[in-house]
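*Asks:* could you look at this predicted model? Sequence included:
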Amino acid sequence: MTDLFTPVTLGKVDLANRIIMAPLTRCRATIEHVPTDIMVDYYSQRASAGLIIAEATMVAEGHSAFYREPGIYSTEQVSAWRKVCDAVHAKGGKIFLQLWHGGRACHPALNNGAVPVGASAIAINGSVHTPEGKLPYVVPKVLKDSDIPDILDHFTKAAINAKEAGFDGVEIHAANGYLIDQFLRDGSNKRDGEYGGDLENRSRLLFEVLDEVVNVWGRGYVGVRLSPLNSFNSMQDSDPLSLTEYLAERLDEYDLAYIHIMRADFEQKQSGDVLTTVADNYDGNVIANMGYSFAEANAALESGQLEAVAFGMPFIANPDLVERFAKGLPLAEADQATLYSHDAKGYSDYPKAS
């Protein structure tokens with residue numbers, strides 16, 4: 001019987017179990033977006049996961065969407081991430097880096113006044129935390145077709161840097177209302193031309209990024225995260241299941257390590273069975289997340305619906321989540337007040353079960 005503790009190979013990466021640590025932005029890098037020593041502690045403490053997918057990481061300077069998220073565009077950042085990778089590997093773990101561009105979710109107050117770019121000139125509803133307090137999102141500049149090669153170059157260099165830092169692979173962040181997702185969904189992409197309109201054009205940026213990243217890493221070492229239903233960051237699509245079907249069919253050509261799909265909507269505004277749509281149109285490995293219990297995750301694996309399950313919040317307060325699952329121990333609850341603070345409290349100080 002296949003369960004969470006059954007080893008699995010995702011692409012060309014062998015994992016000891018199917019318990020995946022989902023990418024979790026925690027804002028513990030420096031103000032220059034350099035990973036810190038407490039990040040080394042945090043990730044190494046969770047190395048028993050079959051795979052850690054490290055948090056959304058900036059592919060280029062000047063595109064910050066959170067205060068003190070990490071980057072992978074400088075020599076100093078590469079060296080700091082290497083310490084994280086070495087620590088995880090020393091404990092027998094595997095770790096991918098999530099490559100990310102915030103697009104319209106970035107803010108001038110986080111980027112020395114620079115106005116963010118997006119698929120179209122449509123702002124996110126709501127506000128963002130900045131060093132100046134909570135500020136409303138701004139209307140982004142439309143990313144010109146002629147600027148796309150620069151974006152591709154950023155992802156290419158980030159993929160090269162991630163390899164240099166010692167990661168086992170990378171995940172392209174095409175979810176949750178950030179730049180690539182802003183192009184994918186018709187609620188945020190109102191442009192004409194080669195990057196707007198039909199599904200082929202709206203997905204063009206994703207596949208151009210994927211071509212560049214796979215060229216760096218090779219087949220079997222790259223994953224893609226999707227969230228066709230998630231309305232976070234004011235996202236919506238008129239036909240998310242058709243979008244999912246199209247992406248799954250195209251992604252099937254790439255020999256990915258996996259598709260990592262968010263199965264639902266944080267805000268419960270959109271619904272649909274994206275997991276079945278992916279399964280019907282994609283022959284590779286599928287990781288799903290959002291609210292899985294231990295029992296539900298095992299049932300999804302036993303049925304063959306998924307190859308692995310990603311857990312987010314449970315990994316925050318339970319560095320030994322794998323061991324707690326194995327022994328049937330209760331899970332600790334995360335301190336919500338310290339999710340995005342900047343020191344070890346509520347980050348690397350959660351104890352293992354006694």
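*Replies:* Done, it's in.

*Asks:* now residue 183: which helix or strand?
*Replies:* helix 179-184 (DSSP states H and E).

*Asks:* who are the packing partners of that helix?
*Replies:* Secondary-structure packing of helix 179-184 (3 or more C-beta pairs under 8 Å, 6 or more residues apart in numbering; DSSP states H and E): strand 117-118, strand 169-174, helix 204-217. Using the backbone N, CA and C atoms, a C-beta is placed for each residue, glycine as well.

*Asks:* hey, C-alpha coordinates of stretch 347-354 in PDB?
*Replies:* Extracted C-alpha coordinates of stretch 347-354, given in PDB (Å, rounded to 0.1, in the frame of the first residue of the first chain):
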ATOM      1  CA  TYR A 347      10.300  30.500  13.500                       C
ATOM      2  CA  SER A 348      13.300  28.300  14.400                       C
ATOM      3  CA  ASP A 349      12.400  27.900  18.100                       C
ATOM      4  CA  TYR A 350       9.500  25.400  17.900                       C
ATOM      5  CA  PRO A 351      10.500  22.300  19.800                       C
ATOM      6  CA  LYS A 352      10.200  18.700  18.600                       C
ATOM      7  CA  ALA A 353       7.800  16.400  20.400                       C
ATOM      8  CA  SER A 354       9.300  15.000  23.600                       C
END
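
*Asks:* ok, back up a step: now the helices and strands packed on helix 179-184 in a markdown table, with distance to residue 224, mean neighbour count and mean pLDDT?
*Replies:* Converted to a markdown table, the helices and strands packed on helix 179-184 look like this (distance: least, C-beta to C-beta, whole Å; neighbours: other C-beta atoms under 10 Å; pLDDT from 0 to 100):
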| stretch | distance to residue 224 | mean neighbour count | mean pLDDT |
| --- | --- | --- | --- |
| strand 117-118 | 20 | 24 | 98 |
| strand 169-174 | 5 | 28 | 99 |
| helix 204-217 | 7 | 20 | 98 |
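
*Asks:* can I get the ones you listed in CSV with distance to residue 137?
*Replies:* Below are the helices and strands packed on helix 179-184 laid out as CSV (distance: least, C-beta to C-beta, whole Å):
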stretch, distance to residue 137
strand 117-118, 10
strand 169-174, 18
helix 204-217, 21
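
*Asks:* picking that back up, tell me which residues of the next helix-or-strand element following the helix holding residue 183 come out buried.
*Replies:* Tracing the chain past helix 179-184, the next element assigned as helix or strand by DSSP H and E is helix 199-202. Within helix 199-202, the residues that count as buried by 16 or more other C-beta atoms under 10 Å are 199, 201, 202.

*Asks:* ok, the second one touching residue 186?
*Replies:* Same thing as residue 201. No - applying C-beta atoms under 8 Å, one finds residue 201 not in contact with residue 186, separated by 10.7 Å.

*Asks:* closest to residue 339 out of the helices and strands packed on helix 179-184?
*Replies:* When those are compared by C-beta to C-beta, strand 169-174 sits nearest residue 339, at 18.8 Å.

*Asks:* so how far is residue 147 from residue 219?
*Replies:* Per C-beta to C-beta, to the nearest Å, residue 219 is found 28 Å from residue 147.

*Asks:* for residue 126, same thing?
*Replies:* 26 Å.

*Asks:* just residue 315 next, same as before
*Replies:* Relative to residue 147, residue 315 is positioned 36 Å away (C-beta to C-beta).

*Asks:* those two: which is more packed in?
*Replies:* Using other C-beta atoms under 10 Å, the more surrounded residue of residue 315 and residue 147 is residue 315, with 25 against 11.

*Asks:* would you map the helices across the stretch 51-200 of the chain?
*Replies:* Taking DSSP state H, counting those that start in this stretch as the criterion, the stretch 51-200 of the chain carries its helices at 75-90, 148-165, 179-184, 199-202.

*Asks:* for the last one, packing partners?
*Replies:* It refers to helix 199-202. If contacts are counted by 3+ C-beta pairs under 8 Å, 6+ apart, helix 199-202 sits against helix 240-251.

*Asks:* between the helix it packs on and strand 169-174, how big is the angle?
*Replies:* 150 degrees (axes from the mean of the first three to the mean of the last three C-alpha atoms, to 10 degrees).

*Asks:* got the angle for helix 240-251 vs helix 204-217?
*Replies:* Relative orientation of helix 240-251 and helix 204-217, computed by the same axes, to 10 degrees: 30 degrees.

*Asks:* what's helix 240-251 packed up against?
*Replies:* helix 199-202, helix 204-217, strand 222-226, strand 258-262, helix 274-281.

*Asks:* at 6 Å what do you get?
*Replies:* Other helices and strands packing on helix 240-251, by 3 or more C-beta pairs under 6 Å, 6 or more residues apart in numbering; DSSP states H and E, are helix 274-281.

*Asks:* before we move on, the earlier item: of all the helices and strands packed on helix 179-184, which one comes closest to residue 242?
*Replies:* Across those, closest to residue 242 is helix 204-217 (C-beta to C-beta), at 15.5 Å.

*Asks:* how much does the closest one deviate in direction from helix 148-165?
*Replies:* 30 degrees.

*Asks:* dump the residue contacts of residue 267.
*Replies:* residue 231 (C-beta atoms under 6 Å, 6 or more residues apart in numbering).

*Asks:* helix, strand or coil: sort out it for me.
*Replies:* coil (DSSP: H, G, I helix; E, B strand; the rest coil).

*Asks:* can you tell me how far it is from residue 132?
*Replies:* 26 Å.
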